[in-house]
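K.L.:
heads up, no residue letters with this:
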């Protein structure tokens, strides 16, 4: 499985990437939505994108809309990983095409639980 | 904006440090009532847009900021940290706390990107409350401010 972690914070990218690598993912990182689109265009075959909301250049919601506008990327699972916790924002992201939503701060178990729901890691016992 | 909000924010900060900095709870605790002056202060904040703009600010000393950065980036205890990484790490701490505060407030639709400042004094504004915390016995201060009109460039 190959994942794309999109966040303008290097620290947050490293945290999410470490956790995904621990679950067996190969991870690429992007600092904003535009960089992430370039990586998708390169055709590495990403199965999952973890997307921050508030980023410069292209924010997470715009990225989700851009991915969903491309039929060839319909198999990319999109999960927002963000501090945006209001119900309205969650609804906006899901309506735009995100599959799941994880609110920062989160534990490794919370991330794994979302990935289990998405069928991207096998269901297992969470410590 | 009351101490109750301060309690919520302390809880958010404790969740953040437990989940993403320390990997276990218990290392960010309430500190003395009045914060001590910080050595080489590093201040990080985000502004919460709305009818009454608010600022959530996190401040600590440079050595503590370096330690937080090492923890977030999973670096060795004495490994050098770049100023850019400290800026990024403290900015993300402020972003996560501010984003969760925004979720508690009605009519505050957007969050600014983080601003991080090394040294100097606090930005202009009216402090609404300040909570003095200790992370591994080092001072860390979280506060909320009314944002003055002349600070709009940060919004």
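P.N.:
Arrived safely. Please read these numbers as outputs of a predicted model, since none were measured by experiment.
K.L.:
how about residue A:105, secondary structure?
P.N.:
Per DSSP: H, G, I helix; E, B strand; the rest coil, the secondary structure class of residue A:105 is coil.
K.L.:
actually residue A:11, not the one I wrote
P.N.:
Once three-state DSSP is applied, residue A:11 turns out helix.
K.L.:
and residue A:85, by the same measure?
P.N.:
Quick answer, by three-state DSSP: residue A:85 is coil.
K.L.:
in contact with it, which residues?
P.N.:
For residue A:85, the contact set (CB atoms under 8 Å, 6 or more residues apart in numbering or on different chains) comprises A:103, B:99, B:100, B:102, B:103. From N, CA and C alone the C-beta is placed, and that goes for glycine too.
K.L.:
which ones are touching the third one?
P.N.:
So the one you mean is residue B:100. A:83, A:85, A:103, A:104, B:9, B:12.
K.L.:
picking that back up, out of the contacts of residue A:85, which sit inside strands?
P.N.:
residue A:103 (DSSP state E).
K.L.:
which ones among the contacts of residue A:85 lie within helices?
P.N.:
Residues of these located in helices (DSSP state H): B:99, B:100, B:102, B:103.
K.L.:
if any of these are buried, put those into a ChimeraX selection.
P.N.:
Per 16 or more other CB atoms under 10 Å in any protein chain shown, the buried members of the ones in helices among the contacts of residue A:85 correspond to this ChimeraX selection:
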select /B:99,100,102,103
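K.L.:
which of the ones in helices among the contacts of residue A:85 sits closest to residue B:125?
P.N.:
residue B:102 (17.1 Å; CB to CB).
K.L.:
which of the helices or strands spans the residue nearest to the spatial centre of chain A?
P.N.:
Residue closest to the average C-alpha location in chain A (CA atoms, centre = their mean): residue A:50, at 1.1 Å. Using DSSP states H and E, residue A:50 sits within strand A:48-51.
K.L.:
how about the contacts of residue B:100 in a markdown table, adding distance to residue A:29 and pLDDT?
P.N.:
Listed next are the contacts of residue B:100 as a markdown table, based on distance: CB to CB, whole Å; pLDDT from 0 to 100:
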| residue | distance to residue A:29 | pLDDT |
| --- | --- | --- |
| A:83 | 19 | 92 |
| A:85 | 24 | 84 |
| A:103 | 20 | 95 |
| A:104 | 16 | 95 |
| B:9 | 29 | 92 |
| B:12 | 26 | 94 |
